[in-house]
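A.B. asks: one predicted model, sequence on top.
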Amino acid sequence: MSKIIGESLKNMPWQEKPEGLNAPVWRYSANPIIERHAIPNSNSVFNSAVVPFEGGFAGVFRCDSRSVSMDIFAGFSDDGVNWNINHEPIQFEGDEEIIKREYRYDPRVSKIGDRYYITWCNGYHGPTIGIAYTTDFKTFHQLENAFLPYNRNGVLFPRKIGDYYAMVSRPSDTGHTPFGDIFYSVSPDLTFWGKHRYVMGTINGDESAWQSKKIGPGPVPIEIDKGWLLIYHGVINTCNGFVYRMGCALLDINEPWKVLARSRNYILGPETLYECVGDVPNVTFPCAALTDADTGRIAIYYGCADTVTGLAFTTVDELLDYMEKYPLEA
């Protein structure tokens, strides 16, 4: 059994794998766990991030309003399934130039030390990566944007690698981005980012066509005894538009821009009604994962059709075995 390097989380949501299921990831039977009208003015609640917090769970949620304004909101839960989301968006403290709001969406949360760092797609003359931290999910301190526009899906590693904070991201454009590869960057202080390295990109042809148009990081990378387990999204452009699915890869523990293994097959894709029908059809978009080091269990939180939030389950061994069974050859 492979080992997750981390803490025990006995109270994380979990359901056993259905008997006879021929897939490495399985859905929570009561999905979606967060409906589109979870707060009074929400049109949709999706692409959100959660972490263990004070014996329960806290999160940062993308809630698009009924004017379809994109912003991020804090929320809390005792069990990781039933959520109380604040009715007003997060108000950030910081430099007046930086905290000016254009739009905010698709957050991730990574705990480093005693701080919870939030990254999100931040509007600043185009999409870039916003960074902030909190200790209580009530007061949020915004830092400098990580990059120039245009960039999305900035995800911090949960600890320094060597002497540096580390992030994976997906450079993009102003629109819906008909391209996208994953890159790795480091910073000594969470302000100045550099030493950019290419990690991996799309797959041309039909060897792994589900990830032929663009890919991007998903939840915070999971440290295991074999490296960093990265769950990511991949996109194909079909005659009916983009389809978003999930895949996984294993990155080197000390040089995470080096890919040790990668799944040729997707691990979860749109199949259910709530994944196939919504504001943006045919989307399964992972943004967070809870892990239990004692059992190797992983609970994945993902956006469904850009409308509601779903929950799915797997284990570190399920994903490693699947990559070995269906490898993407370099």
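C.D. replies: That came through, no problem. Numbers count the residues shown, from 1 in each chain.
A.B. asks: so Leu320: helix, strand or coil?
C.D. replies: helix (DSSP: H, G, I helix; E, B strand; the rest coil).
A.B. asks: neighbours of it, how many?
C.D. replies: Leu320: 22 surrounding residues under other CB atoms under 10 Å. Bear in mind the C-beta positions are built from the backbone N, C-alpha and C, glycine included.
A.B. asks: what's the distance between the most centrally placed residue in the chain and Lys195?
C.D. replies: In the chain, the C-alpha closest to the average C-alpha coordinate belongs to Cys287, at a distance of 2.2 Å (CA atoms, centre = their mean). Counting by CB to CB, to the nearest Å, the gap from Cys287 to Lys195 is 26 Å.
A.B. asks: any idea how far Leu9 is from Phe53?
C.D. replies: For Phe53 relative to Leu9 (CB to CB), the value is 11 Å.
A.B. asks: the more surrounded of these two?
C.D. replies: For Phe53 versus Leu9, the count of surrounding residues by other CB under 10 Å is larger for Leu9: 20 against 16.
A.B. asks: wait, is that one part of a strand?
C.D. replies: No: Leu9: not assigned to a strand; according to three-state DSSP it is coil.
A.B. asks: doesn't Trp14 lie inside a helix?
C.D. replies: No: looking at Trp14 with three-state DSSP, it is coil, so not inside a helix.
A.B. asks: count of neighbours near it?
C.D. replies: 17.
A.B. asks: wait, isn't it in contact with Gly296?
C.D. replies: No: if you go by CB atoms under 8 Å, Trp14 and Gly296 don't touch, sitting 11.4 Å apart.
A.B. asks: list the buried residues in stretch 291-307.
C.D. replies: Within stretch 291-307, the residues scored as buried using 16 or more other CB atoms under 10 Å are 291-293, 295-307.
A.B. asks: and these, which is closest to Asn47?
C.D. replies: Gly303 (3.8 Å; CB to CB).
A.B. asks: flag every buried residue along the one helix or strand Leu229 maps to.
C.D. replies: Assigned by DSSP states H and E, Leu229 belongs to strand 227-238. Neighbour-count burial for strand 227-238, counted by 16+ other CB under 10 Å, picks out 227-236.
A.B. asks: now swap in stretch 175-183 and tell me
C.D. replies: Going by neighbour count (16+ other CB under 10 Å), the buried part of stretch 175-183 is 177, 180, 182-183.
A.B. asks: follow-up on the earlier one: can you list the strands that the strand holding Leu229 pairs with?
C.D. replies: Applying DSSP bridges, strand 227-238 is found paired with strand 214-217 (antiparallel), strand 222-224 (antiparallel), strand 241-251 (antiparallel).
A.B. asks: and for Gly80, the neighbour number?
C.D. replies: 22.
A.B. asks: apologies, that question was intended for Pro327.
C.D. replies: 13.
A.B. asks: Arg27 now?
C.D. replies: Neighbour number of Arg27 under other CB under 10 Å is 24.
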